[in-house]
Structures are given as C-alpha cells and as structure tokens.
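Asks: Give me a model of this one.
(2 chains)
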There are 2 protein chains.
Amino acid sequence: MEIKTYVNTVTWTEKKKGIIEFEDKEKGTLETAVAPEFMGHPHILTPEDLFVSSINSCFMSYFLSVAEKMRLRFLSYTSEAHGILKPNGIDYIFTDMTIDVYVSVRNEKEKKKAQRALSMAEKGCYVANSLTATVTVTPYITIEEQG
Amino acid sequence: MEIKTYVNTVTWTEKKKGIIEFEDKEKGTLETAVAPEFMGHPHILTPEDLFVSSINSCFMSYFLSVAEKMRLRFLSYTSEAHGILKPNGIDYIFTDMTIDVYVSVRNEKEKKKAQRALSMAEKGCYVANSLTATVTVTPYITIEEQG
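Replies: Here you go, the predicted structure:
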C-alpha cells in the first residue's frame, strides 16, 4: 500500500462560474458554480454536489470491490445520499450524511453476503472516513424472484 | 441562515462503474468508476477526483462570494489542489490537501484585497472545514501590467 495523490485545477471563467480539469485529460472537464442558495447560478454542479456525490460514489466503489472479492452476485445497486449543511458561526459545516442503499439479489445466501459487503463498505469507505460529519448507512436488500 | 440538504443518487451500471444523478436534473449526470489504482477503470471520474475537486471548487466558490462583497476586481483565478491519500490500517484516509491559488490583479490595492479574500476563503470554506484532513492554502498573487 502506498501514498496516492489526486490532482485537479479549477479556473474561473466568468461571474461565479469555473471549470474543473483533472490530471487525466480524458476524464473531460466539469463546469462548476456557486450554488444558487449562495447567490450563484442554477443548473450547474456546485462544490456541495461534488462533495456529497464523492461520498456516495466512494461507498459504491468500496462495495463493488468487496463484492468482487466475495464473489457476491447482485442484480442491482442504487444509493441515495443526503448531505446536511448546517450553520456554524458565520459559516456552514456538513454535520450529517445519510446513505440509503438499495441492493437486489437472487436468494438468501447472496442477501447475507450483500449485508456483509455493505457493512464493510460502511467501515472502509475512505472518503467517509476523511470527514468530521457522521455518515449513517441504511441498507435495503431485497430478493428478486427469478422469472 | 438555515439548514440546507444536498441529494444525489448513484446507480451501478456494469463492472465497476455507475452513474450519478442530482436532484436538479438539469445538472446532467456524471459517470463514475472505481479508480484504476484500485483495480477499476481508467479515464472515468473517481470518488477521489470528486472529493478533491469539491474542496478545490468550494475554495473558489467562497473566494468569488467574498470578492463580490469586497468589490475586488481580479483578472484571473486558477487553483491547483493535491489530495494525499495515505494507508491507514487495511484502508486509506485523506490526510493532507494542498491548494495553490493563482490570482492576478491590476494593482497593489487590489492585491491586498485579494490576499484578504483568500485568507477568508481559507477560514470559511465549508467543505474544507468538514474534513479531518489538513488543508494548506498557498496564494500566488501577481500584478498584471496594463497593456
């Protein structure tokens, strides 16, 4: 295991907008803006969107890696993340994050594996572990009958 | 000042890939994948990219809001963020983040304002304040001669 570094740049374009570029240019660019609730622009990705989606996607990423190691065969996976930004003095802070995870599998045996994989993801997800906010994961695992 | 909630969903598509959707559908979707260094896929945005870019863009976002209040007139703004992911037991954790910020202005008076705006952004950026990692900001403010 070694240290890994992630690099990106943000360049202001106009008003309260900018462009994000990543080291690997093939990843494309993202437009970002100050959120409309902070007197920015609507319909453009905000830092808050990126932050909450980084935790949500890290959770899936960890789950997928564990699922592969366990040979878990799941049919579908969706997770919904809510990030709560609360007033903190003259600024704000993210205090709570919830992730509701919906996984469907074929049978009881796979359901148990999925439970284990989700619980490992909850413990291991690096992005979540790098926050001061509390991250609460609620799993919903369903067994889908074969047609 | 009131509580704000940010919501998004991640849906697995195939292999170690998924799609991120935001509450405001006009923001479009993002493809995400497990990073290649964690046996995922190249050239696709990873949770680590989203995480580091959320801090980088939050910093600009805060700067733009302060600049507006101060009536700072700057000519250009670019910031480069490096996020350091270090081994931590059997997993990883983001321990350090650096942001190098390049701002150009017209004169000494604006340079001083820019310094103040950057220092306020360093203190106030909510996303950075929601991390356990240390965030180090290094400002590079240059005066651009009028042509």
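Asks: in chain A, what spans have low per-residue confidence?
Replies: A:147 (pLDDT under 70).
Asks: What's the first helix or strand after the longest helix that chain A contains?
Replies: Ranked by residue count and defined by DSSP state H, the top helix of chain A is helix A:47-70. Following helix A:47-70 in sequence order, the next helix or strand is strand A:74-88 (DSSP states H and E).
Asks: which is the next helix or strand following that next one?
Replies: Trace forward from strand A:74-88 with DSSP H and E and the next one is strand A:91-105.
Asks: in that following strand, what counts as buried?
Replies: A:92-95, A:97-99, A:101-105 (16 or more other C-beta atoms under 10 Å in any protein chain shown). Any C-beta I mention is one placed from the backbone N, CA and C, and that applies to glycine too.
Asks: do the same with stretch A:140-147
Replies: Those would be residue A:141, for stretch A:140-147 by 16+ other C-beta under 10 Å.
Asks: Residue A:109 - that's part of a helix, no?
Replies: Yes: applying DSSP: H, G, I helix; E, B strand; the rest coil, one finds residue A:109 inside a helix.
Asks: quick one: residue A:75 and residue A:102 touch, right?
Replies: No: counting by C-beta atoms under 8 Å, residue A:75 does not reach residue A:102; the two are 10.8 Å apart.
Asks: Return the residues in contact with the closest residue to residue A:59 other than its chain neighbours.
Replies: Nearest non-adjacent residue to residue A:59, counting by C-beta to C-beta, 6 or more residues apart in numbering or on different chains: residue A:125, 5.1 Å away. Residues in contact with residue A:125 (C-beta atoms under 8 Å, 6 or more residues apart in numbering or on different chains) are A:55, A:58-59, A:61-62, A:135.
Asks: so can I have TSV of these showing neighbour count?
Replies: Listed next are the contacts of residue A:125 as TSV, based on neighbours: other C-beta atoms under 10 Å in any protein chain shown:
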residue	neighbour count
A:55	28
A:58	27
A:59	26
A:61	28
A:62	25
A:135	18
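Asks: Which two of these have the greatest separation?
Replies: Greatest spatial distance among those (C-beta to C-beta): A:61 and A:135, at 14.5 Å.
Asks: Other residues contacting stretch A:66-81?
Replies: Contacts for stretch A:66-81 (C-beta under 8 Å, 6+ apart): A:52-53, A:55-56, A:59-60, A:63, A:97-106, A:110, A:113-114, A:116-117, A:120-121, A:124, A:144, B:7-12, B:16, B:18, B:39.
Asks: next one: that stretch to chain centre, how far?
Replies: 14 Å (C-alpha atoms, centre = their mean, to the nearest Å).
Asks: So residue A:118 is in contact with residue A:105, correct?
Replies: No: counting by C-beta under 8 Å, residue A:118 stays clear of residue A:105, with 11.4 Å between them.
Asks: which residues are in contact with both of the two?
Replies: What both residue A:118 and residue A:105 touch, as defined by C-beta under 8 Å, 6+ apart, is the set residue A:141.
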